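A.B. asks: give the three-dimensional model of this entry:
(2 chains)
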Amino acid sequence: MSHLLMCPPDYFGIEYEINPWMRVSNQSNGDRSRTQWKTLTQVLENEVGAKLEFMEPVPGLPDLVFTANAGIIHEGKAVPSQFRHPERQGEERHFIDWFTRKGYEVVNLDPEIDFEGAGDLLGFPDFWIGGYRQRSDIRAYVQLSEIFQKEIIPVELVDQRFYHLDTCFCPLSGGELLYFPPCFDSYAQTVLASRIERGNRFAVPAQEGERFACNAVCIDRHVVLPTGCPETMTWLHKRSYTTHPVELDEFLKAGGSAKCLTLALD
Amino acid sequence: MIRQTVTIQGHIIDSLILAKVLDAIVMLGGTFTLSEVTVGTRREDTSHATILIETPTMELLQEILKTIQPHGAVVEAEEDCTVEPAPADGILPEDFYATSHLSTQIRWQGSWIDVPQPEMDVAIILKTAPLSAQMVSMGSVKKGDLVVTGRKGVRVFPLERPKERDVFGFMEAQVSSERPHHHIIADVAKRMKTIQQRRKEGKGSSKVLFAGGPAIIHAGGREALTWIIEAGYIHVLFCGNALAAHDMEASLYGTSLGYNLGIGRSVPHGHEHHLRTINRVRALGSLQQAIESGLIKEGIMAACIRQGVQMVLAGTIRDDGPLPDVITDSIKAQEAMRAAIPGVELALLVASTLHAVATGNLLPASAPTVCVDINPAVPTKLSDRGSFQAVGLVMDSSSFLWQLARELGWEG
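C.D. replies: Numbers count the residues shown, from 1 in each chain, chains lettered A, B, ... in the order given. Okay, here's the model as predicted:
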């Protein structure tokens, strides 16, 4: 995973409230957000070695910056997101246009099914995990499983603050997992415990989970994550990962961080 | 009881989604039957489950559906059944729905209607005023009757596991001569006692049905069966000409098909005894008359008449006579048997292939059934013909009846 899609935060701002982090009264600072986003791109390109692609920002679509929610891409196929909230539905055609222009085979889910892309669908090589209940409909994973011929284990997300799977769950390239267990119901916790052995799971401490420690980008042995997550970094270092903390607090005001700002393209 | 079928698909097993849905149904106060589960064979294959939910109220069903739908449970799309008028008396429309003996409902104008008295291999007709459904045999359908066709809008419910934890609870028609018999007979006796007790207390009209063949008399089970009937444990008797004839032959001559039952050998001109018996009863006009006149003093038929047991004697092409009560039109005999089925909560099919299969065809799957025959092919045949609920007991009918009577308190 070294090829990412991003979107400059030219029109990013808190213009509506569709998750508990968003407060129109707690507006993001335009300059700071642009600086933070730029730093993230530099870290990804220069320190991690990722190849970045950029799409055009669109006025009136402040969350287009969160490209993780564009859809899911695998082996040349792109399944675009179908957003639950009308506020984000305007983004869909821009993501589809981009996928089409870049030559991906666009496969749509049934129109009545909500699905918010790589924000809710993350994978290990052998199986994928799909978050449902908050934003994506569990039925999406039946269709996605057929489209991609992959085992997809649905897990229920129970905390509104962690409305996408990528806000509380980060699979690492070595098969380990960073996750914030209280965000999952007991069935999902049991399943994750049975799938990933104890030594390979790191339950991030609450304070770091709430700073979106799990909204990290893992490329090879590099992990780019928000600042303020020292325990998570210590665990990653013990596992021989190089960590790259990036200040992304302006985006946390909208309920997003490093992972939400990127979409894996391969 | 409100019922609703839902389906769920996906990687539902390893993800514990199916377990979660089933837990939710039970925790909210419903019950479920997993009527179908298809598990994917490869890792990437999805699995599929069909769940029948039962709740005491519509409100609870709605609450359960609201809870499980976010986990992927989909309410099965429901359609009304289709009906076509019967083209002529005794002729069903080409695509008629052929029934099973399981509890069945049809959907009409959005409502599910129970079809009472389930019976295998018949058709369903819809009656509109008042709205109801009925199972009818091919021969009794009338021109213009609205016959259910196709499969949509018809649902069949799997057999509920009985509350009693006895041999019938396993619901398996495993037939073996090498299984211990005693516990099966003890369970049969227990059920008979329960039914008799309920009748005595005026709590319902459940019945024990006994269908038997003449081997009961030949093999020496007559005395025990007579006692069981006299003690009030049997309420319906299905048999043919032979059981009745040989029972009364025994009463008049002490023989069964010419064999002296006491000394166990044939007696001179013994083969005439059953003919002479039949002739004398025919002269009196009925079994009732034969008993009441004092001609027949004891035995199975006498016990049945005295106890008011409902009897259906069905004739066959090999019958001598036959006795006056024997119904020789087999369709009429079948109808008379069918009319006696409602309320049967235990059926004993003993030493008769013909009557066991005929009775099995009429019984709902919910009726606990035991098939006793010394020939293992008989219980197997019964099971092969669809009466999967029947417990097979491979043993001599006389031994069975003696053991059963003793379990019920006989000291003979």
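A.B. asks: wait, B:Gln105 touches B:Ser132, no?
C.D. replies: No. Taking CB atoms under 8 Å as the definition, B:Gln105 is not a contact partner of B:Ser132, at 11.7 Å. Using the backbone N, CA and C atoms, a C-beta is placed for each residue, glycine as well.
A.B. asks: overlap of the contact sets of the two?
C.D. replies: When CB atoms under 8 Å, 6 or more residues apart in numbering or on different chains defines a contact, the residues bordering B:Gln105 and B:Ser132 alike are B:Ile113.
A.B. asks: neighbour count: those two, which is higher?
C.D. replies: The neighbour count for B:Gln105 versus B:Ser132, taken as other CB atoms under 10 Å in any protein chain shown, is higher for B:Gln105 (19 against 14).
A.B. asks: and the gap between A:Ser33 and A:Leu248?
C.D. replies: Here A:Ser33 is placed at a distance of 9 Å from A:Leu248 (CB to CB, to the nearest Å).
A.B. asks: cool, and A:Arg139?
C.D. replies: If you measure A:Arg139 against A:Leu248 using CB to CB, the figure is 32 Å.
A.B. asks: try B:Asp373
C.D. replies: Between B:Asp373 and A:Leu248 the distance, using CB to CB, works out to 81 Å.
A.B. asks: same question, B:Val267
C.D. replies: 108 Å.
A.B. asks: so which of the two has more stuff around it?
C.D. replies: More neighbours sit around A:Leu248 than around the other of B:Val267 and A:Leu248, counting by other CB under 10 Å; the figures are 26 against 14.
A.B. asks: quick check: buried residues in the longest helix along chain A?
C.D. replies: When chain A is parsed with DSSP state H, its longest helix is helix A:30-42. Within helix A:30-42, the residues that qualify as buried are A:33, A:36-37, A:40-41, counting by 16 or more other CB atoms under 10 Å in any protein chain shown.
A.B. asks: same list (those) but as TSV, adding pLDDT.
C.D. replies: Conversion of these to TSV gives the following (pLDDT from 0 to 100):
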residue	pLDDT
A:Ser33	97
A:Gln36	97
A:Trp37	98
A:Leu40	97
A:Thr41	98
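A.B. asks: name the element A:Leu110 belongs to?
C.D. replies: No Leu there; residue A:110 is Asp. A:Asp110 is part of no helix or strand, with elements assigned from DSSP states H and E.
A.B. asks: those helices in the stretch 151-266 of chain A, which residues are they?
C.D. replies: When assigned using DSSP state H, counting those that start in this stretch, the helices of the stretch 151-266 of chain A occupy the ranges A:186-195, A:206-209, A:230-238, A:249-252.
A.B. asks: now do the buried residues in stretch A:91-101.
C.D. replies: A:91-92, A:94-96, A:98-99.
A.B. asks: contact partners of that stretch?
C.D. replies: A:5, A:55-56, A:58, A:61, A:63-64, A:67, A:69-71, A:73, A:78, A:80-83, A:106.
A.B. asks: please apply the same query to stretch B:271-285.
C.D. replies: Applying CB under 8 Å, 6+ apart, the set of residues contacting stretch B:271-285 from outside is B:241, B:245-246, B:248-249, B:252-253, B:255, B:257-258, B:287, B:290, B:293, B:295-296, B:320-324.
A.B. asks: buried among those? Make that a ChimeraX selection.
C.D. replies: For selection in ChimeraX, the members of the contacts of stretch B:271-285 meeting the burial criterion (16+ other CB under 10 Å) are listed in this command:
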select /B:241,245,246,248,249,252,253,255,257,258,287,290,295,296,321,322,323,324
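A.B. asks: can you list the low-confidence ranges for the stretch 201-350 of chain B?
C.D. replies: Applying pLDDT under 70 to the stretch 201-350 of chain B picks out no residues at all.
A.B. asks: residue of it nearest chain A, please.
C.D. replies: Scanning the stretch 201-350 of chain B for proximity to chain A using CB to the nearest CB identifies B:Glu345 as nearest, at 41.5 Å.
A.B. asks: from the chain's centre, how far out does the helix or strand harbouring that residue sit?
C.D. replies: With secondary structure defined by DSSP H and E, B:Glu345 is part of strand B:344-350. Here strand B:344-350 is found 7 Å from its chain centre; the criterion is CA atoms, centre = their mean, to the nearest Å.
A.B. asks: cool, stretch A:144-154 as well?
C.D. replies: Averaged over its C-alpha atoms, stretch A:144-154 has a centre that lies 18 Å from its chain's centre (CA atoms, centre = their mean).
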